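Asks: Compute the structure for the input listed below.
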Amino acid sequence: MNTLKISLDWTPNANHAGFFVAEKLGFYEQEGLQVHIIHPGNDNYTVTPAKKLETGEADLALTPSESVISLNTKAKPFAAKAIAALLQEDLSAIVTLQSSGISRPQLLDGKHYASYKARYEDEIIRQMVINDGGTGAIQIIYPEKLGIWDTLLAGKADATWIFANWEGVEAEEKGIALNYFRLSDYGIPYGYSPVIVADQAKIDARREVYQAFLRALKKGFLYAKENIAESAAILKPLLSERDQSYVLQSLEKTAPFYGTAQSWGVMQPEKVKAFLQWLQARELEPHAERLLDRFSNELL
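Replies: Next comes the predicted model:
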């Protein structure tokens, strides 16, 4: 039995349904795998999934595309490779409370943005404000990562970045009206998020194991897409009481974006390249375009 450990990007939610469906229904075992799923709730996000991958604490990590770029361009580069995308479209957005009156990005000038302190994040947000006619003079704050959403709800921040299919669904269920600013609407060709990332050296050494993992995971996500209520029941015990109340609604919104038997996990090179070129053009990453081969569908 081959063992793999994956570090998720957040506490369990609808984006992760396929991981837990595959575990519950024995899809990993059918591929000769024992998969251990860990997430930031285990350590209150004191160590990022990307860092767990780099240190060898995890064999795979779920991260935004930016982490792949960051790992490969740090002072001591780490050969990380994105091997699959979880969602075929970007379901994230910058949000504000409608009650705040901040109805467009340019109105974030002088306001507080709650950041996850990810590389490029703050500059991406500033550029979005500028693209909408603002100056980009936003105030960046860094709350505890797992509490950022509550920071917005409590009025301690004016904006933050969420998944519309998770926190956005919670807001709907609670009658909290939000303004959504999607990066693509403001000239930012954001890439895939989240992506499954692995260490190139481990891929080279255990290629068939990683391929087996992706086969089992694909089966899990496609099953979740077609069996939403059952998948919600599998996910529910892993959630807080607060999150349990809207998991079914969230899965219903998320499932259409898992892809198909043909498209699950696939990253379109043109989409990846557009984001890399954008980062390079804004001088956020001087050689970003060279990293296109760090996003590969070869194991799918």
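Asks: ok, and what's touching stretch 108-128?
Replies: 64, 66-67, 69-70, 94, 96, 102, 105, 129, 134-143, 145, 148, 151-152, 156-161, 181, 183, 186-188, 190, 279, 282, 284-285 (CB atoms under 8 Å, 6 or more residues apart in numbering). Just so you know, the C-beta spots here come from the backbone N, C-alpha and C atoms, and that holds for glycine as well.
Asks: check which helix or strand covers residue 196.
Replies: Taking DSSP states H and E as the definition, residue 196 sits inside strand 195-199.
Asks: what do you get for residue 284?
Replies: Counting by DSSP H and E, residue 284 is part of no helix or strand.
Asks: need the strands for the stretch 201-300 of the chain, in chain order.
Replies: Remark: no strands are assigned in the stretch 201-300 of the chain by DSSP state E, counting those that start in this stretch.
Asks: Pull the distance from stretch 50-69 to the chain's centre.
Replies: Centroid displacement of stretch 50-69 relative to its chain, using CA atoms, centre = their mean, to the nearest Å, is 12 Å.
Asks: Report the backbone C-alpha coordinates of stretch 90-109 in PDB.
Replies: Extracted in PDB, the C-alpha atoms of stretch 90-109 (Å, rounded to 0.1, in the frame of the first residue of the first chain):
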ATOM      1  CA  ASP A  90     -12.300  30.900 -10.800                       C
ATOM      2  CA  LEU A  91     -15.100  31.000  -8.100                       C
ATOM      3  CA  SER A  92     -13.300  33.500  -5.900                       C
ATOM      4  CA  ALA A  93     -14.000  37.200  -5.600                       C
ATOM      5  CA  ILE A  94     -13.100  40.300  -3.600                       C
ATOM      6  CA  VAL A  95     -16.100  41.200  -1.500                       C
ATOM      7  CA  THR A  96     -17.500  44.100   0.600                       C
ATOM      8  CA  LEU A  97     -20.700  44.300   2.600                       C
ATOM      9  CA  GLN A  98     -23.400  46.100   0.600                       C
ATOM     10  CA  SER A  99     -24.200  48.000   3.800                       C
ATOM     11  CA  SER A 100     -20.700  49.600   3.600                       C
ATOM     12  CA  GLY A 101     -21.500  51.500   0.400                       C
ATOM     13  CA  ILE A 102     -18.300  50.200  -1.200                       C
ATOM     14  CA  SER A 103     -20.000  49.300  -4.500                       C
ATOM     15  CA  ARG A 104     -16.900  49.100  -6.700                       C
ATOM     16  CA  PRO A 105     -13.100  48.600  -6.300                       C
ATOM     17  CA  GLN A 106     -12.100  52.300  -6.700                       C
ATOM     18  CA  LEU A 107     -14.000  53.000  -3.500                       C
ATOM     19  CA  LEU A 108     -11.500  50.800  -1.600                       C
ATOM     20  CA  ASP A 109      -9.000  53.700  -1.700                       C
END
